[in-house]
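With the sequence up front, the predicted model follows.
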Amino acid sequence: MVNEDKEKIDLEDVPGLGRITALKLRSAGINSVKQLALYTAEEIEEIAKIDPGRASKILKNARALIKSGTKIYTMEEFEKEQYNKALLSTGVKSIDELLNGGLEPASIYEFAGEFGSGKTQLCHQLAVMVQLSKNKGGVGGKVFYIDTEGTFSPERIHKIATRFGLDLSLAVKNIYYARPINVEYLEDLVKGELIRYVEEVDVKLIIIDSIIALYRAEFKGREFLARRQQRINYILDWLKRIGKSYYIYVVITNQIITAPTGFATIKIPAGGNIIAHASTHRFLLKKADKVWKIESLDSPKIPKGKTALFRISDDGLLSV
């Protein structure tokens, strides 16, 4: 349950934001000034039914109140911050080596693959790893797990947690689970309740398994393709806002489609350029002979085509 006792600045403390507007914002799931600062003026205009000028002023005042803005670095400061990032281990040495030590915060990691390629198993393992202390590869945080395909397995969590020596009574309390039934539920969840848990119960990892499933089911046919891509772009933009503002880890999984290229066909992640551009690091998972392989598709830090091998056992992912 979310802790409501944590001290925070109220919406009414924002200059220019009155009681009625605050009520409208809370009704839309906006419960804190920091969460409000994530929105654009156009979004606030639509939610609160106020004019664009007032919406812009409210947002400017909100960001000033919490000292939120674009930080300017020297290159020396930027390099130092990059070096000091707390990396989240996958619990698999070979994959961590591929990732240059583990997952970094404020980035979107996309793991694509066919059924049985290990995407969901990796998500389960990360949901456990994030809870471990830093000296064990974790960051001592909690996870918000959004399951769009109904593949989440408490039994698998129990086995992985036991393998890593995590108290089961704590492990099951530190995983917040949601299964949205359609795109609207998913988008409302990400913009609303998810952020409350990030702010109030120390959620440090967001997992969406998978990002594409509800959109492919709801927006069928080529006539809906443009609308589908716009909506996917919107939720990915929100994940980037949350990841950067709260400095947390974001993981999405993706499905595979077959695409023709000349005389052959290849398997590529679904979602086209929208997901490709939004994801910071993209990987393809596939099963080989008795082992599984993860390959870098696109990353600012990891060479394209670089791979790592791993195995899947009853108690999680293992190095080969």
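Good, I have the coordinates.

Now Leu297: which helix or strand?
strand 292-298 (DSSP states H and E).

Thr162 now?
Short version, using DSSP H and E: Thr162 is in helix 154-163.

Just the CA atoms of that helix, as CSV, please.
Output of helix 154-163 as CSV, limited to C-alpha atoms (Å, rounded to 0.1, in the frame of the first residue of the first chain):
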residue,chain,number,x,y,z
PRO,A,154,4.8,-15.7,-8.9
GLU,A,155,6.3,-19.3,-8.7
ARG,A,156,9.2,-18.2,-10.9
ILE,A,157,9.8,-15.2,-8.6
HIS,A,158,9.9,-17.4,-5.6
LYS,A,159,12.6,-19.6,-7.1
ILE,A,160,14.7,-16.8,-8.4
ALA,A,161,14.5,-15.0,-5.0
THR,A,162,15.5,-18.1,-3.2
ARG,A,163,18.5,-18.6,-5.5
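
Which neighbouring elements make contact with it?
Under the contact definition 3 or more Cβ pairs under 8 Å, 6 or more residues apart in numbering; DSSP states H and E, helix 154-163 sits against helix 119-129, helix 168-171, strand 316-319. For every residue, glycine as well, the C-beta is placed using N, CA and C.

pLDDT-wise, which helix or strand of this protein ranks last?
helix 75-83 (a mean of 71; mean pLDDT, DSSP states H and E).

A helix includes Val198, no?
Yes - counting by DSSP: H, G, I helix; E, B strand; the rest coil, Val198 is located in a helix.

neighbours of the nearest residue to Leu170 once chain neighbours are set aside, just the number please.
Distance criterion Cβ to Cβ, 6 or more residues apart in numbering; nearest residue to Leu170, sequence neighbours excluded, is Gln131 at 7.3 Å. Counted with other Cβ atoms under 10 Å, the neighbours of Gln131 add up to 25.

Please apply the same query to Ala178.
18.

The closest residue to it other than its chain neighbours in helix, strand or coil?
Nearest residue to Ala178, sequence neighbours excluded (Cβ to Cβ, 6+ apart): Ile146, at 5.3 Å. Classification of Ile146 by three-state DSSP places it in strand.

Show the model's pLDDT score for Ile146.
Looking at Ile146, its pLDDT reads 98.

list the contacts for it?
Each residue near Ile146 by Cβ atoms under 8 Å, 6 or more residues apart in numbering is listed here: 178-180, 186, 189-190, 194, 206-209.

try Thr148
179-180, 186, 208-211, 213-214.

Just the buried subset of those residues, please.
180, 186, 208-211, 213-214 (16 or more other Cβ atoms under 10 Å).

Including secondary structure, could those residues go into a markdown table?
Listed next are those as a markdown table, based on three-state DSSP:
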| residue | secondary structure |
| --- | --- |
| Pro180 | coil |
| Leu186 | helix |
| Ile208 | strand |
| Asp209 | strand |
| Ser210 | coil |
| Ile211 | coil |
| Ala213 | helix |
| Leu214 | helix |
